[in-house]
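Engineer: Sharing a model prediction with you, sequence too.
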Amino acid sequence: MHFAQYYLDCLSQASYLIGDKTTGRAVLVDPRRDIDDYLHDAEAAGLRIELVIETHIHADFLSGHLELARATGATIAFGEAAETGFPIRRLRDGERLSLGADDGQGVTLTVLATPGHTLESICLVLHEHPDDDVPFGVLTGDTLFVGDVGRPDLLSAAGHTPQDMAARLHRSLHTKLLTLPDATRVFPAHGAGSACGRSLSSETSSTIGDQRRYNYALQPMPVDDFIRLVTAGQPATPGYFAHDAALNRDGHPLLEPGPPPALTLDEALAARDRQGAVLLDCRPLAAYTRAHLTGSLHTSLDTRFAEYAGSVVTPGTPIVLLADPGTEQEARLRLARIGYDHVLGHLPDPTAVLARTPALSSSSRRIRHEELDLGEPRLAGAGAGAAEAEGDRTGGTESTAAQSGDAVPMDAIPLGSPPANAQPTDIQLIDVRNPSEYEAGALPGARNLPLAGLSHRITELDPSRPVVLYCRSGNRSVIAAALLEAHGFSEVCDVIGGYEAVGAGAQ
């Protein structure tokens, strides 16, 4: 058997190439849109990709089933309940897919219908030999993760309540997956950082036995308790999820590789003024806060770039990239992975351009937490630490030291001060972390507006009053500040180091 996991850190997404070396027949499960690695590896292993299987209709990335079908002639397959805008093979519960010879020997996949995350969700039990007592593993899609289970609330707008989907998920877990031997390896579709669950592990595989023992959602409990547990505290849904789910269901244009064209500053500004393009600054946080084109949005390539971009840029909006030299193609590709194809071009060396045109630039206003006179933070003791750790695993996270405000040399940060003459009661203090992080501890008087949904809730804020933003470590707050400034808020600043800095100061 040939078995390979492809893990994409920037989207916390896993895909799988599975083949029978004897026959050369292979399937690819949950592929991303840029497919060159799969094609290269399949050719090197002497495999023919005959079937592309989607464990469900994905919402967090644009899948590569159409690209693979064109490149290989493979058939696209979904669970039997899937409704799509293109021809598919429907996989029935219990159906066996043999990659071996006609004698029935060889690599076999067995389909398990596991609704709960979505209606059409399936898992695939993998046997290297059909008579093996213990399967090689099970590909669990978004039904079961390492440390978590799939969120059941993404179909609420389609007439299915989170409670109904959670009850289906419970049945799928207990009547299908947990009946497998404990030694069965678990290979999920996502890991830490994904917004498809709230507490995913950084491990990319596990076993049924370990998940039975350690996964919080698989512990013995009444069904009603399970439903309450998995429908509470989910991370805010990024704005692009509905867009991607529709494209994955109905069909999308095929990926066109290559770098975006170079634009002059005048061309970039004309695209903004005449075509409604967003100027998306992809440079590191320190470079952006020091100087950026006034009105530009920001999300750095060294963070969860595509997810954050999909949270602040409306799908279909034209985009001009402001990226460091040599990174523009990577930025375009990562946007394409979530279906943001309308990239008009990029501005070469924006830092140099900004140095030549200071009248067009702004710097970010950032303050230290000591400058806020808000009283003691609302801490939750050990729970606060747990929530901060959870922030490293959920969809709105700053996961590396380079993204923390404290990781940037202090003399490189353009410091501001609290808005002039503003009293604490005048300030709109906004916590842009996920709900579970906020509930575990927050600053006094802070209101929770998660970054993922902020663009749809801007009207809840008063642009005539000062806004102070904070997150966990100072990355999401800068992204949020850029969004508000682009919408005409003139008095906006964020807290350097975020809640981590405040909590450390309160110890």
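Structural biologist: Received, thanks. Numbering: from 1, shown residues only.

Engineer: Which residues are in contact with the closest residue in space to residue 138 that isn't next to it in sequence?
Structural biologist: Closest residue in space to residue 138, ignoring its immediate chain neighbours: residue 125 at 4.9 Å, by CB to CB, 6 or more residues apart in numbering. In this view, the C-beta of every residue, glycine as well, is placed from N, C-alpha and C. With contact taken as CB atoms under 8 Å, 6 or more residues apart in numbering, residue 125 is in contact with 109-110, 112, 135, 137-138, 180, 184.

Engineer: roughly how far out does the host helix or strand of residue 125 sit from the chain middle?
Structural biologist: Per DSSP states H and E: residue 125 is located in strand 122-127. Strand 122-127 has its C-alpha centroid displaced from the chain centroid by 24 Å (CA atoms, centre = their mean, to the nearest Å).

Engineer: what comes into contact with the very next helix or strand once past that strand?
Structural biologist: Past strand 122-127, further along toward the C-terminus, the next helix or strand under DSSP H and E is strand 137-141. Residues outside strand 137-141 that contact it (CB under 8 Å, 6+ apart): 3, 16, 29-30, 55-56, 112, 114, 117, 121-126, 150, 177, 180, 184-189, 205, 208.

Engineer: one step back: distance-wise, check the residue nearest to residue 138 relative to residue 29.
Structural biologist: Using CB to CB, to the nearest Å, we find residue 125 at a distance of 12 Å from residue 29.

Engineer: do the same with residue 459
Structural biologist: On the measure of CB to CB, residue 459 and residue 29 end up 42 Å apart.

Engineer: Residue 212 and residue 183 touch, don't they?
Structural biologist: No: Residue 212 lies out of contact with residue 183 (CB atoms under 8 Å); the separation is 11.4 Å.

Engineer: Residue 62: which of the contacts of residue 125 is nearest?
Structural biologist: residue 109 (24.1 Å; CB to CB).

Engineer: Quick check: pLDDT value at that closest one.
Structural biologist: In this prediction, residue 109 carries a pLDDT score of 97.

Engineer: can you give me the helices in the stretch 51-200 of the chain?
Structural biologist: 65-72, 162-175 (DSSP state H, counting those that start in this stretch).

Engineer: Tell me the spacing between the residue nearest to residue 138 and residue 272.
Structural biologist: Distance of residue 125 to residue 272, computed by CB to CB: 51 Å.

Engineer: Same check on residue 314?
Structural biologist: Taken as CB to CB, the span from residue 314 to residue 272 is 14 Å.

Engineer: and the two? which has more neighbours close in?
Structural biologist: A count of neighbours by other CB atoms under 10 Å puts residue 272 above the other of residue 314 and residue 272, at 18 against 14.

Engineer: Determine the set of other helices and strands touching the one helix or strand that one maps to.
Structural biologist: Element membership for residue 272 (DSSP H and E) is helix 265-275. The contact analysis (3 or more CB pairs under 8 Å, 6 or more residues apart in numbering; DSSP states H and E) places helix 265-275 against strand 278-281, strand 319-322, strand 343-346.

Engineer: hmm, back to that, out of the contacts of residue 125, who's nearest residue 352?
Structural biologist: Nearest member of the contacts of residue 125 to residue 352, counting by CB to CB, is residue 137, at 50.5 Å.

Engineer: now do the same end-to-end measure for stretch 70-90.
Structural biologist: 19 Å (CA to CA, to the nearest Å).

Engineer: pLDDT on that stretch, on average?
Structural biologist: Here the average pLDDT along stretch 70-90 is 97.

Engineer: just stretch 112-132 next, same as before
Structural biologist: 96.

Engineer: hmm, what's the outermost residue in the protein?
Structural biologist: No residue in the chain sits farther from the centre than residue 103, which is 42.8 Å out by CA atoms, centre = their mean.

Engineer: Can you give me the pLDDT of that one?
Structural biologist: pLDDT, residue 103: 72.

Engineer: In the helix holding residue 272, which residues are buried?
Structural biologist: 265, 268-269, 271-272 (16 or more other CB atoms under 10 Å).

Engineer: Contact partners for residue 446?
Structural biologist: Contacts of residue 446 (CB under 8 Å, 6+ apart): 429-431, 438, 470.

Engineer: Repeat that for residue 204.
Structural biologist: With CB under 8 Å, 6+ apart, residue 204 has these contacts: 5, 7, 14, 146, 187-188, 191.

Engineer: most neighbours, which of those?
Structural biologist: Within the contacts of residue 204, most neighbours by other CB under 10 Å means residue 188, with 35 neighbours.

Engineer: For residue 165, see how far away the spatially closest residue to that residue that is not a sequence neighbour is.
Structural biologist: Nearest residue to residue 188, sequence neighbours excluded (CB to CB, 6+ apart): residue 145, at 4.5 Å. Separation of residue 145 from residue 165 (CB to CB) stands at 16 Å.

Engineer: Okay, and which of the contacts of residue 446 map to helices?
Structural biologist: Using DSSP state H, residue 438 are the members of those that sit in helices.

Engineer: out of the contacts of residue 446, which are inside strands?
Structural biologist: Taking DSSP state E, the ones among the contacts of residue 446 that sit in strands are 429-431, 470.

Engineer: Tell me the one of those nearest residue 74?
Structural biologist: When those are compared against residue 74 (criterion: CB to CB), the nearest one is residue 431, at 46.0 Å.

Engineer: hang on, isn't residue 201 packed against residue 186?
Structural biologist: No: look at residue 201 against residue 186 with CB under 8 Å: they stay out of range, at 10.6 Å.

Engineer: Run through the helices of the stretch 351-500 of the chain in chain order.
Structural biologist: Under DSSP H, counting those that start in this stretch, the stretch 351-500 of the chain gives helices at 382-391, 435-440, 451-454, 476-486, 498-506.

Engineer: Name the stretch from these where average model confidence is lowest.
Structural biologist: helix 382-391 (a mean of 33).

Engineer: So what's the residue count around residue 217?
Structural biologist: That count, for residue 217 with other CB under 10 Å as the rule, works out to 22.

Engineer: Who's the closest spatial neighbour of it, skipping the chain neighbours?
Structural biologist: residue 149 (4.5 Å).
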